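# would you be able to build a 3D model of this:
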Amino acid sequence: MAQTHHCSAPESLGEKISKTDWLDLALVASIDGTAHLDAPSYAVWTHLSRSAARSNLRCEIVLIGRNLSEQASKLTAVGADRVFVYDADTLEASAAALEAFCVDYKPTVLAFPSDLRELAEALAARIHRVTAALYDGSFELNRAKDLCLPEDAPERERVTSTRPQLVVCKPDLTPVALETEQAPLPELFICCP
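Model prediction:
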């Protein structure tokens, strides 16, 4: 059974960020009616999870919506290290919830499936960051935990110089096989920003 935590509102993101404090990889995801990740979220999850394993980092899922706690507690088959649930029903409230997540839990990469691009852009505007759009899902990281974006990517320098590094994945991303057996969900966080 997952251990459940409750978290409260954080302070705001400051302009000066130490990149060494930002470690985990996280996915903002949607779930379907059967408490599984929907297809676009699952495709991104497989790539993100595989990269986290290679980099020896935790990989987390963030769910935002109404009354998702019970469904999230059933989300055990994907192997997330932690699942965070924020109760929000508007774009503005959802972006505020993600800002709270970033301040409290400091992911080095925060990924979005293509169908949540509007939310990624709302968060980017709120925290004054750039979003790498239509990312290919490779999630390769260098030693500084910066995404290895193509040299010619116009947003490359601005994305990798901040935390979290925000990416919206391509809509046609194909899931990859996960290399390890997925363990039950160890922690579920019910958050109120």
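# look at Lys74 and say how many residues are nearby.
For Lys74, the neighbour count with other Cβ atoms under 10 Å is 13. The way it works is simple: take the backbone N, C-alpha and C, and place the C-beta from them, glycine included.
# how about Phe189?
Counted with other Cβ under 10 Å, Phe189 comes out at 21.
# report the distance from stretch 41-48 to the chain centre.
On the basis of Cα atoms, centre = their mean, to the nearest Å, stretch 41-48 sits 10 Å off its chain's mean C-alpha point.
# any idea of the mean pLDDT for it?
Confidence for stretch 41-48, expressed as mean pLDDT, is 94.
# OK, contacts around Pro40?
For Pro40, the contact set (Cβ atoms under 8 Å, 6 or more residues apart in numbering) comprises 30, 113-115, 169, 171, 173.
# buried ones among these?
By neighbour count, with 16 or more other Cβ atoms under 10 Å, these hold 30, 113-114, 169, 173 as buried.
# and the nearest residue to Cys102 once chain neighbours are set aside, what pLDDT?
Closest residue to Cys102 apart from its sequence neighbours, by Cβ to Cβ, 6 or more residues apart in numbering: Pro164 at 5.4 Å. Looking at Pro164, its pLDDT stands at 94.
# and Pro164, how many neighbours?
By the criterion of other Cβ under 10 Å, Pro164 has 26 neighbours.
# can you give me the offset of the helix ranked longest in the chain from its chain's centre?
Secondary structure of the chain per DSSP state H: the longest helix is helix 39-55. Counting by Cα atoms, centre = their mean, helix 39-55 is centred 10 Å from the centre of its parent chain.
# quick one: name whatever helix or strand follows it.
Downstream of helix 39-55, the next assigned helix or strand under DSSP states H and E is strand 59-65.
# endpoints of stretch 155-168, how far apart?
13 Å (Cα to Cα, to the nearest Å).
# what lies in contact with it?
Residues outside stretch 155-168 that contact it (Cβ under 8 Å, 6+ apart) are 17, 19, 21-22, 26, 102, 106-114, 116-117, 120, 123-124, 129-135, 146-147, 149-150, 153.
# fine, thanks again, bye for now.
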